[in-house]
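Asker: Can you look at this prediction? I've put the sequence above it.
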Amino acid sequence: MWFSFFLISCLLLGGFLIVILLIGTAGMSSGFNDSNNVEVATLRDNDSEHNIAVIDLSGLIASFSVNANGNNMVESLRRQFKWAREDDDVKAVLFRINSPGGEVLASDQIYDIILKFQEKCDKPVVAVMGALAASGGYYVAAPCNWIVAHKLTITGSIGVIMQGYNLRNLMDKVGVQPMVFKSGKHKDMLSFDKREEDITSEERKMVQDLIDETFDRFKTIVREGRDLGRRNNPDDGKILDDGWEDQADGRILSGTQAFGHGFVDELGDLDTATERAIKLAGYEDANLIQYREPMNLANLFSLFGRSETKSIKVDLGVDLPQLKAGRLYFLSPLLLY
């Protein structure tokens, strides 16, 4: 009797796993490239023939970030903007941002996704900032046709950061000595085991030049993004004030301060942004919809196969973003209140 029960349980479990794998394979092979397989959820039904697509960006902007459905952040946004462009019922996009920023490359990829969307269709993109839309969070908002922020939104933090930890003194105390073999004299200039006094002025300049180059691009993105002519905005859109670059020194700004300097167009909330999107699209009303991607089990299963690198972990009592050493970030300070 027990053997029969065990056998039936194994068969049921095996059948369930087969079904799950088939669903994951279907999602991997066609689900993300075919908008017909995507669920369209109605967030607000205004009994209209027209829709506004709501696209969310939440959390640290990173190329390695995978959401709860197993989808890569950047590729997920790319697909959603593509579906919004191809959906004839969608007349505008509400881009909801709640992020402290993140990787330079991932931020720039999202920026490029929005630019290409605007080049291929005339549907306005309205950014609506949540509690936090700073540094890389502002970078991805800059190309939007209109930016709405709450008066208490934390934004700004326009700048670039690269940081690491020098563990050489700790290694000396525990008797660990590095053995380094390198192809060039600068190959280990960002190594965590190199003494600070061994970092040459030439190497410091090389790193700073890289940061300055990236920072110049950030300011160009802001300057071009806030140009009214490029945004095809009516006369009530805000422009940057003459001293805006003085605010681009990494400082954070409230929504009210950002509005005063021309970094955002309007103070308000999701309702404010919705009304603005409808107006920019040239309609009187619209429903709010959102694309729900199917679960990508292939990506989720791949996480189990990843090997963990050995690391030293220090508990600071707070959850911090997991930054990768040697990468550039558009990242704001974390605010806890």
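Answerer: Received it, and whenever you're ready, just let me know what you need.
Asker: quick one: the strands in the stretch 151-300 of the chain?
Answerer: 154-156, 252-254, 266-267, 287-292 (DSSP state E, counting those that start in this stretch).
Asker: if you compare those strands, which one is most tucked away?
Answerer: strand 154-156 (a mean of 25; mean count of other Cβ atoms under 10 Å). Bear in mind the C-beta positions are built from the backbone N, C-alpha and C, glycine included.
Asker: Could you give the average pLDDT over it?
Answerer: Strand 154-156 shows a mean pLDDT of 97.
Asker: Nearest spatial neighbour of the residue nearest the centre of the chain, chain-adjacent residues omitted?
Answerer: Central residue of the chain (Cα atoms, centre = their mean): Ile61, 3.2 Å from the mean position. In space, and not counting its chain neighbours, Ile61 is closest to Gly102: 3.0 Å by Cβ to Cβ, 6 or more residues apart in numbering.
Asker: How about the secondary structure of that neighbour?
Answerer: Classification of Gly102 by DSSP: H, G, I helix; E, B strand; the rest coil places it in strand.
Asker: So for it, what's the pLDDT?
Answerer: According to the prediction, Gly102 has pLDDT 92.
Asker: Look up how far Asp188 lies from the closest residue to His186 other than its chain neighbours.
Answerer: Closest residue to His186 apart from its sequence neighbours, by Cβ to Cβ, 6+ apart: Glu203 at 6.0 Å. The gap separating Glu203 from Asp188 is 10 Å, by Cβ to Cβ, to the nearest Å.
Asker: One more: Val90?
Answerer: Separation of Val90 from Asp188 (Cβ to Cβ) stands at 51 Å.
Asker: With neighbour numbers in mind, choose between these two.
Answerer: Comparing Val90 with Asp188 by other Cβ atoms under 10 Å, the one with more neighbours is Val90, at 22 against 17.
Asker: just checking, the residue nearest to Ile61 touches Tyr138?
Answerer: No - if you go by Cβ atoms under 8 Å, Gly102 and Tyr138 don't touch, sitting 11.8 Å apart.
Asker: can you give me the helices for the stretch 51-200 of the chain?
Answerer: Assigned by DSSP state H, counting those that start in this stretch, the stretch 51-200 of the chain shows helices spanning 73-86, 104-120, 136-139, 168-174.
Asker: residues making contact with the longest one?
Answerer: Around helix 104-120, the neighbours that count as contacts under Cβ atoms under 8 Å, 6 or more residues apart in numbering are 57, 61-63, 65, 73-74, 77-78, 81-82, 84-85, 93, 95, 101, 123, 125, 136, 139-140, 142-145, 160, 214, 217, 221, 327-330.
Asker: what's the burial count for the closest residue to Val93 other than its chain neighbours?
Answerer: Excluding its sequence neighbours, the residue lying closest to Val93 (Cβ to Cβ, 6+ apart) is Val125, at 4.6 Å. Val125 has 25 neighbours, counted by other Cβ under 10 Å.
Asker: What residues does Val125 make contact with?
Answerer: Val125 sits in contact with Ala92, Val93, Phe95, Ile114, Phe117, Gln118, Pro143, Cys144, Asn145, Trp146, where contact means Cβ under 8 Å, 6+ apart.
Asker: Kindly provide the distance from it to Phe81.
Answerer: In terms of Cβ to Cβ, Val125 sits 8 Å off from Phe81.
Asker: swap in Asn51?
Answerer: Distance, Asn51 to Phe81, by Cβ to Cβ: 14 Å.
Asker: Give me the more crowded residue out of these two.
Answerer: Counted by other Cβ under 10 Å, Asn51 and Phe81 do not tie: Phe81 has more neighbours, with 25 against 22.
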